[in-house]
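> quick one: sequence plus predicted model below, questions after.
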Amino acid sequence: IDFLLYAKELYTLTNGEMNIMMGSVLRIWHDCREEGTRIPTNEELQEAALHTSIDLLEIDVQNQTVRISDPKASIDVGALGKGYATEKAAKHLESIGATSYVLNIGGNIRIIGTKPDGSGWKTGIQNPANPSTYSKYLMLANISCVTSGNYERYYTVNGVGYHHIIDPETLMPSYRYLSVSVQTGDSGVADALSTAIFNMDYEK
């Protein structure tokens, strides 16, 4: 319940760009990616989008219950779950005395403190055009760094690549950027913002 309340806060923070209730739409894209031979039709995406309102997620804190009021709606925590769990792990380590530690949870970097000599850790940002190389190196201390990109989970249909970050407005993969990296103190916030910003135009 704490996680779901946090997800609702980040929905508000990102003006709906990070919405864990996008499950009905993301499931269609997931199934098509697994099949690998077609993209979803506009009709099926539009129908699925009718079941993505954050208000369908009803949380009763007093009674400790959660209800999804629409049977066609579902939760997808891909934009937040890993970052949230990473931050919980970091807070636990800090609580037991860790002062110089790096967590790398599937590419979500969360750094506790500094190196013993007081310096930061060298962290590479993958080059989307060639993920075996790095486009930039950062020296990081006491911070999280999360990257969302189009180069890891994607498939190709008729020569066009379709990645896994779906714009909640168009219901299609967003092609504004190749990758977005966010540095901030909380890994959950960084995870949510990297996805949200990926779907925003530069001015926004």
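Yep, it's here.

> in the top strand by length along the chain, what's buried?
Counting by DSSP state E, the longest strand found in the chain is strand 130-140. Across strand 130-140, burial judged by 16 or more other C-beta atoms under 10 Å covers 138, 140. C-betas here are computed from N, CA, C, even on glycine.

> okay, now the sheet partners of that strand, with direction.
Its sheet considered, strand 130-140 pairs with strand 121-127 (antiparallel) by DSSP bridges.

> buried residues, the strand it pairs with. List them.
For strand 121-127, burial by neighbour count (16+ other C-beta under 10 Å) applies to 121, 123, 126, 127.

> out of these, which is nearest to residue 172?
residue 126 (23.5 Å; C-beta to C-beta).

> follow-up on the earlier one: next structured bit after the longest strand of the chain?
strand 144-149 (DSSP states H and E).

> tell me which element the residue nearest the centre of the chain falls in.
By C-alpha atoms, centre = their mean, the chain has its centre lying nearest to residue 79, at 2.4 Å. Using DSSP H and E, residue 79 maps to neither a helix nor a strand.

> which residues touch residue 167?
By C-beta atoms under 8 Å, 6 or more residues apart in numbering, the contact list for residue 167 reads 173, 174, 199.

> any idea how far it is from residue 65?
With distances taken as C-beta to C-beta, to the nearest Å, residue 167 is found 32 Å from residue 65.

> and if you look at residue 93?
Noted for residue 93: a distance of 31 Å to residue 65, by C-beta to C-beta.

> what about the two, which has more around it?
Comparing residue 93 with residue 65 by other C-beta atoms under 10 Å, the one with more neighbours is residue 93, at 15 against 10.
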